[in-house]
Every structure is written in C-alpha cells, then in structure tokens.
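Enquirer: this is a predicted model, with the sequence first.
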Amino acid sequence: RAPGGRRRCVNRRTKGAPGGDLVAIDSDAPPAPANAGRAIDRADAIALLLPTSGTTARPKRVPLSHRNVLPLLHIGGLVHGLLTPLASGGSVVCPRGFDASRFFDLVADLRPTWYTGTPTIHLALLPFLDEYRRLAAGHRFGFLRSASAPMPPMLIEQLERAFDAPLIEGYGMTEAGRITCNPLPPGRRKPGSVGKPVALEVRIVDTDGADCAPEQAGEILIRGASVMSGYLDDPAANTAAFHDGWFLTGDLGRFDGDGYLYLRGRIRELVNRGGKKVAPREVDEALLALPGVREAAAFGVPHPSLGEDLWAAVVAEPGSHLDTGEMRRVLLDRLARDKVPSEIVVVGQLPRGNSGKVQRSQLPALVAQRPSGSPDTPRTREEVVVARAFEAVLGQAVVTVDDNFFLLGGDSLSAARVVARLKAELGLVTLPEVRLVFEFPTVAALAAELGRPEPEPQLDTALLARIDELSDEEVERMLAEETLSLPDGWQQ
C-alpha cells in the first residue's frame, strides 16, 4: 500500500530479464475516479468484443457485457490468466512471447505458484525439465492449468509426474467463459474429462432434443449469466445458436455416472464416412497412444463413393521414425474399421490458431503439399496384378506402386471385389481376407503381402479325428455327396 493506505498499481518492466522484457502487474490499484463506475453500472453494456477461435468456420464477433465479465470465470489468458489472479490478490508476470528454452529461467527467478498454457506450450516444456530441476531446485508449483485445446491423458500424466503437481483442465468458450472444470485436490480429477459444471447449467441432448442418459453422447447445451446475449450483427447465427433460452455449443460430449463431462469434438468436424459418422477426437487419442507420436489430428477429405473419407496428420517425437503402414495395422486392432484413417501423413507441425486449437479445416491443403511418393511403376508380377485389379474395380488408372486403393476411390465393397480378382489372377488356393486391403492399401504393400508363400491348408483336430474313424470308401462317398467339407487343396 502507498502512504496513507491507498492501494497502488505497479507496472514494472524489467530490461534484460530471462526470456525477454517482463511486465509484472500487482493487484494494488489506486482508487477509481468518481465517474468510473457509471459504465459498469450499465450491466448490459458491452465490455469486451472478442472473436471466436474459428476452428470450423469464419470467426464470429462476440460482444461480452459487464454482466458477462463480472464473474471472472472465462476467456482464457485475459480472465483466467490475468484478471482472476489480480482479483484474488495475486501478481501476474507476462513474458513477451513464449520461449520454452528460457521458461525455467523465469521460474527460477520469479518462483510462481502456478502457470497456465495451451497443450502445445506444455508439450514444448517437457524436453527442458532437467533445466527446471537444475535452475529451480526446491521450487514446487501448486498446480498447473491447461486451456484452449484438449490435453491428451498421457501428457497430463507426464506433466503431473514431472512437476509433482496436479494439472487442472476445464472446458470453456468465448461465448460463455468457463463451463466445466476439474477440481483441485482433494477433489477427484479425471484425466480425459474436463470436469464438472461450474456457474452454468449444462445439458446434453440427442438429435431430437431429448436429454441424454449418462454415457450417452449428444450436443452440449448451456445456460447462465455468463453466456453472451448474441453474436454481433449476425442474426442468422443467433437464430441457429439459441433454442428455448439454451445456447447450443456445437460440441459433442457425454456425462459419466459421476457428472464429469467428456468431450468428443465439434459437430461440424464429424467425418461422414459413407453414412457412418466418426468423431476425429477419438481417432486423435488412438494415434497419440502409439509410440513416437507427438501430435495427431484426424480430418475429412472428399471421396467419390463414400462422400467423405478419413485421413490423419501426425507429428513425430524428435528422433522417432513413424511407419504409417504399421500404425494403420495397429489401429485396425484397436478401433472399428470405419475409424481407421485411409491415409496417415507425417507433417512437421499441425496448423493452429491463436488460441492453440488445431485448425482441422487447413489440414487437407497442408497434406496436399507433401512430396509425392515413389515414381516407380508396377514391375513384379504381383504388383502388376494388384494394379490391374485396382484399375478394373475402380475404373481409375494406377500410375505408381504407391497409389492407394482408398485414395483412388475404394471402399469396403470394392475391396471385396478386388480380393476376388486377386484370388483368380494369382491362382491363390484360399481367398484373401478383405482386411488385407485395409492393412496394405498401396499397390506395393499389398503385392508384397500377397507374394509371401501361402500356408498349407490345415484341418482342425475334430475333423481329423472324424476322418480317422472312417474307411477310405466312406470318405470318398461323403466327399462325392458333399457331406464332408474339406479346405480347398485337400480334395486332391
């Protein structure tokens, strides 16, 4: 406090500090001018004008009134990171930009009790944890906070183990602020969940508008004082966004039996793969569970017969090599076939907006810019036969051995016709499984798999015992009458 008991406001810029200039803002503030309260008394007057993140459409302008802002429960860095600590008597340090390599210099110097960041920022700090232990020995965060985008449960586990502090994740949006949040200890946190509702009413409804039961997914609807009154100068968007006093978030989610919310993604991001709708977030999480995957994002691309196909872009951990073919084969054992991407593309980074959210709408253009594959044309007998089968079934020219069956327009029905052709043209004893086309979708991969020696057909133990009890004449008679069925290749 300043002399005379007056509160003071300190705006301190430290030159040459680690990580760049710093601005430290203390909560002590001078008394407001006599007329300062007039605007705030107008509770419905616009206090802030913020854009939405624009992850699925062009950003919309959200006018937030003083009534919206007063609870101080939302708008990421502005409210959670700045205003809330000040309102509770804390201090805030804002580095000029983020530099992961120097972040822990700031921690050692300033000894913060918590920090907040997006998943991208948290991920970037992991390689520098040894610096944290060296520079800030004895320091301990009270908690960590993550915002703006989903945190993979594996990353939460890594961070909590590294910092020996709980990571608090919640769910919010520009239009409403904080919607749900996981509690601090001793409350129970559930990794993968965004916690329980705070300050707002939250419903989950099905396509008919009926409330969903626990564990049933649907659209998230919210209602409460911090929800905006409407988008600025956009009556069409307002008509679509509100129904009977509830704001339709456009997000999919489910409550568990304890009332914790789990998000499944945006409705507009669902991939309609031949009538089966796939939530990209579920695919993201499956990809992130694979070794060597640092980041992942699934997305839809146009498809001639399915309408839309599922692809994914992944970023490798430093020093890791990702075999995308093997990744798809592992996913086929863990996910339903419709949820396995037809193509997985390794990229240097995922496109993100200012809020840190992945811009899935930009991914098709990004992967289209990747270098082309092998220019080799089909040469071996198997490659030529596979290419010919692809061409005959799909009516598309096959140019290289890296041409992908699904990217040429294939689907499960046409895959069945392909394996029938391959059995006939390669003289295979047994019909290849349709699954092979999903596991090995390129000409080269499928040809290599089909080029392996076929295993000898096997009889099961019960059938062998039955045959052993019959005379040769009885076996021949039953085969002629087709009352004894043997695998192809045993009739001779």
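Expert: Nice, thanks for sending it over. Numbering: from 1, shown residues only.
Enquirer: test my guess that residue 320 contacts residue 290.
Expert: No - contact criterion CB atoms under 8 Å: residue 320 and residue 290 do not qualify, at 10.2 Å. The C-beta positions use only the backbone N, C-alpha and C, and glycine is treated the same way.
Enquirer: ok, those two, which is more surrounded?
Expert: Legend: neighbour count by other CB atoms under 10 Å for residue 320 and residue 290, higher for residue 290 (16 against 12).
Enquirer: how much space separates that one from residue 312?
Expert: Applying CB to CB, to the nearest Å, the value for residue 290 to residue 312 is 11 Å.
Enquirer: ok, residue 257 next?
Expert: In terms of CB to CB, residue 257 sits 31 Å off from residue 312.
Enquirer: who's more crowded, the two?
Expert: With neighbours defined as other CB under 10 Å, residue 257 and residue 312 compare such that residue 312 has more, 26 against 8.
Enquirer: can you name the residues bridging to that one?
Expert: Beta bridges link residue 312 to residue 298, residue 344 when assigned by DSSP bridges.
Enquirer: list the contacts of it.
Expert: 283-284, 287, 296-299, 341, 343-345 (CB atoms under 8 Å, 6 or more residues apart in numbering).
Enquirer: dump those residues to JSON lines, plus neighbour count, pLDDT and distance to residue 383.
Expert: Shown next, in JSON lines, are the contacts of residue 312 (neighbours: other CB atoms under 10 Å; pLDDT from 0 to 100; distance: CB to CB, whole Å):
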{"residue": "283", "neighbour count": "24", "pLDDT": "95", "distance to residue 383": "30"}
{"residue": "284", "neighbour count": "23", "pLDDT": "94", "distance to residue 383": "34"}
{"residue": "287", "neighbour count": "24", "pLDDT": "96", "distance to residue 383": "29"}
{"residue": "296", "neighbour count": "24", "pLDDT": "95", "distance to residue 383": "31"}
{"residue": "297", "neighbour count": "24", "pLDDT": "95", "distance to residue 383": "32"}
{"residue": "298", "neighbour count": "28", "pLDDT": "96", "distance to residue 383": "30"}
{"residue": "299", "neighbour count": "25", "pLDDT": "95", "distance to residue 383": "30"}
{"residue": "341", "neighbour count": "28", "pLDDT": "93", "distance to residue 383": "24"}
{"residue": "343", "neighbour count": "18", "pLDDT": "90", "distance to residue 383": "20"}
{"residue": "344", "neighbour count": "23", "pLDDT": "92", "distance to residue 383": "22"}
{"residue": "345", "neighbour count": "15", "pLDDT": "92", "distance to residue 383": "23"}
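Enquirer: now for the residues you listed: which two are most distant?
Expert: Among these, the pair separated by the greatest distance (CB to CB) is 284 and 343, at 15.3 Å.
Enquirer: SS state for the nearest residue to residue 436 once chain neighbours are set aside?
Expert: Excluding the flanking residues, the one nearest residue 436 by CB to CB, 6 or more residues apart in numbering is residue 449, at 6.1 Å. Following DSSP: H, G, I helix; E, B strand; the rest coil, residue 449 is assigned to helix.
Enquirer: residue 449: how many residues sit nearby?
Expert: Neighbours around residue 449, by other CB under 10 Å: 15.
Enquirer: contacts for stretch 275-293, please.
Expert: So stretch 275-293 is in contact with 150, 152-154, 252, 263-265, 269-271, 295-300, 310, 312, 314-317, 320-322, 327, 330-331, 334-335, 338-341, 344, 360, going by CB under 8 Å, 6+ apart.
Enquirer: make sure residue 394 is actually in contact with residue 414.
Expert: Yes - in terms of CB under 8 Å, residue 394 counts as a neighbour of residue 414; the distance is 6.3 Å.
Enquirer: which phi and psi does the spatially closest residue to residue 414 that is not a sequence neighbour have?
Expert: Closest residue to residue 414 apart from its sequence neighbours, by CB to CB, 6+ apart: residue 393 at 5.0 Å. Main-chain torsions, residue 393, degrees, to the nearest 10: phi -80, psi -40.
Enquirer: residue 393 and residue 418: what is the separation?
Expert: 5 Å.
Enquirer: can you list residues touching both of the two?
Expert: residue 410.
Enquirer: give me the neighbour count for residue 47.
Expert: Neighbours around residue 47, by other CB under 10 Å: 17.
Enquirer: and the pLDDT at it?
Expert: In the prediction, the pLDDT value recorded for residue 47 is 70.
Enquirer: confirm that it sits in a strand.
Expert: Yes - with three-state DSSP as the criterion, residue 47 is located in a strand.
Enquirer: that one and residue 79 touch, don't they?
Expert: No - at 11.1 Å, residue 47 does not count as touching residue 79 under the criterion of CB under 8 Å.
Enquirer: where in this structure is pLDDT low?
Expert: 1-43, 48, 50, 53-58, 66-76, 354-355, 370-375, 454-470, 472, 475-492 (pLDDT under 70).
Enquirer: can we see that at 80?
Expert: 1-80, 83, 94-97, 148-149, 353-356, 367-376, 399, 428-432, 452-492 (pLDDT under 80).
Enquirer: pull up the distance across stretch 436-445, start to finish.
Expert: By CA to CA, to the nearest Å, the extent of stretch 436-445 from end to end equals 10 Å.
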